[in-house]
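> requesting a structural model of the entry that follows:
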Amino acid sequence: MDLADAAVSRIGGLPVGLIPAFLPLPEPNVDSSYCRQCSGSMELLVQLWCPFEGSAYDRALYIWGCGQRDCQKKDGCVRAWRGLRYNEDYARKLKSKTTSKPAPKESAASLNVQKSNPFALGKQAVAPSSGLGTGIFGGPPSETKGASRDDHGADLDSDSDSESSIVTALASSTLSDSPWRMAPHHPAQYLSTLSEYIPPPKKEKRTPSRIAEQENEDRNTWSSEKYENSMDTDHVFEKFTSRAALEPEQCVRYDLGGTPLSFASDAVFNRLFALEMENQTSTMVTKAEFKVNDVARRVFDSKTLPPCPLCHSKRVFECQLMPNLINIFRERTQADEKMSDEERRKDVEMLLKGTKGRGMDWGTAMVFSCEKDCCPGTDGEPGVYGWMEEVVLVQWDD
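All right, here's what the predicted structure looks like:
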């Protein structure tokens, strides 16, 4: 794995790709990675190469996390930043592409779909809504690198001026005199990319007491992420564990502009998923009391999050860290290396249930970024580079 290439997404390591990839950006202040609780340097958890489709900006996302026990369950112990660099060569190609070949109306819709998933695998993908599905870690790097500028601009000329500019930047940059070289870090591991597959729900016998509710559920797909409002069981946690069990090696779930997968029915869930009462056509008759009750649903809405302080646009869900990432960072023993898929699945389930001896601090950490991916400059003009902190909401394992 080329550790100096920001176009390679990775787990752990130092943000070495940050400096050469975003030249002429002066490297960000190292305090960007400081925990807001203990003020200590945090480890880089993941670095994602995720430029927007149709954007002239190179883009990467960096997520840091503090491992100090006293800092857990407190604000600022997980932080996320996005780095932007204006790519003049690619901007010229985009402009040339637009003027020479006016895009048909259908392309606009296609562009929106691609923008929501910069890690998509094209027509071979089994499902359109993921991005960072199964991650294969610990082995040799895959021949297919993380999404590069060529990947998300494949319809342009095959020669890549932007790639040449990145290579030139790599050759002229070094960490030798940077304070970042002293930052604590985990060994870097390649982050592979697959689309997330969600099997269709199993058919169940429809009883009279379930007909009205079932008809309402049939209109809702996984993409809407609507939850039942019930005090009997935590449907949110059940949905999370069942989804995590499908891909026990998944470390990052990426779905730009999509819906986060909540870990539990906590304050974060209540903030993101507001209660919505269905109309009278969506009522449920309980067999025991023969009462007609409105069916309460929870629907994701990011309006409860603070807007981007720079352009005042709303923030949208971009990605979330999954429980197996903790497994990746813990000290790997020989037994861990020889775990079968079934053993690894059980290991993740134990983490989710909190039954492992060491426990688990967070269930998931969700990142919400500026919808417009703004990069303000001076005098109202777009900036050449940008370094902006985004919102992170953490759900803890209580």
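> which residues in this protein form helices?
For the chain, the helices defined by DSSP state H cover 18-21, 88-100, 105-115, 149-152, 161-171, 208-218, 235-246, 267-272, 324-329, 334-337, 341-353.
> now the first one: mean pLDDT?
Pointing back at helix 18-21 there. Throughout helix 18-21, pLDDT has a mean value of 50.
> ok, now stretch 303-314?
On average, stretch 303-314 scores 95.
> give me the number of residues near residue 267?
Residues lying near residue 267 (other Cβ atoms under 10 Å) number 10. C-beta: built from backbone N, CA, C; applies to glycine.
> try the one 4 residues further on
The burial count assigned to residue 271 is 12, neighbours taken as other Cβ under 10 Å.
> quick one: low-confidence ranges for the stretch 1-150 of the chain?
The stretch 1-150 of the chain contains residues with pLDDT under 70 at 1, 16-25, 100-150.
> list the residues that contact residue 261.
Going by Cβ atoms under 8 Å, 6 or more residues apart in numbering, residue 261 touches 225, 239-240, 243, 253, 320, 364.
> what pLDDT does it get?
pLDDT for residue 261: 96.
> strands along this structure, start to end?
Using DSSP state E, the strands of the chain run over residues 10-11, 43-49, 57-65, 78-86, 189-190, 227-228, 252-254, 273-277, 283-285, 292-294, 296-300, 315-321, 362-370, 385-396.
> which helices and strands sit right next to the first one?
Same thing as strand 10-11. Helices and strands touching strand 10-11, by 3 or more Cβ pairs under 8 Å, 6 or more residues apart in numbering; DSSP states H and E, are strand 43-49, strand 189-190.
> re the thing from before, and the contacts of residue 261 as JSON lines, adding pLDDT?
Listed next are the contacts of residue 261 as JSON lines, based on pLDDT from 0 to 100:
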{"residue": "225", "pLDDT": "55"}
{"residue": "239", "pLDDT": "93"}
{"residue": "240", "pLDDT": "95"}
{"residue": "243", "pLDDT": "92"}
{"residue": "253", "pLDDT": "97"}
{"residue": "320", "pLDDT": "97"}
{"residue": "364", "pLDDT": "96"}
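> write the ChimeraX selection for whichever of the residues you listed are buried.
What follows is the ChimeraX syntax selecting those of the contacts of residue 261 that are buried according to 16 or more other Cβ atoms under 10 Å:
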select :225,239,240,243,253,320,364
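> what's the closest of the contacts of residue 261 to residue 181?
The closest of these to residue 181 turns out to be residue 320 (Cβ to Cβ; 29.2 Å).
> so how far is residue 80 from that closest one?
Separation of residue 320 from residue 80 (Cβ to Cβ, to the nearest Å): 11 Å.
> check residue 311 too.
For residue 311, the distance to residue 80 - Cβ to Cβ - is 18 Å.
> who's more crowded, the two?
Each of residue 311 and residue 80 has its neighbours counted (other Cβ under 10 Å); residue 80 has more, 25 against 13.
> tell me the contacts of that one?
61-64, 367, 369, 389-392.
> can you flag the buried ones in those residues?
Neighbour-count burial (16+ other Cβ under 10 Å) applied to the contacts of residue 80 gives 61-64, 367, 369, 390-392.
> quick check: which of the helices and strands packed on strand 10-11 is buried the most?
Counting by mean count of other Cβ atoms under 10 Å, strand 43-49 has the highest mean neighbour count of those, with a mean of 25.
> give me the contacts around that strand.
Here strand 43-49 has contacts from 6-15, 17-18, 33, 59-67, 78, 132, 146-148, 183-186, 191, 251-252, 254, 319, 321, 325, 329, using Cβ under 8 Å, 6+ apart.
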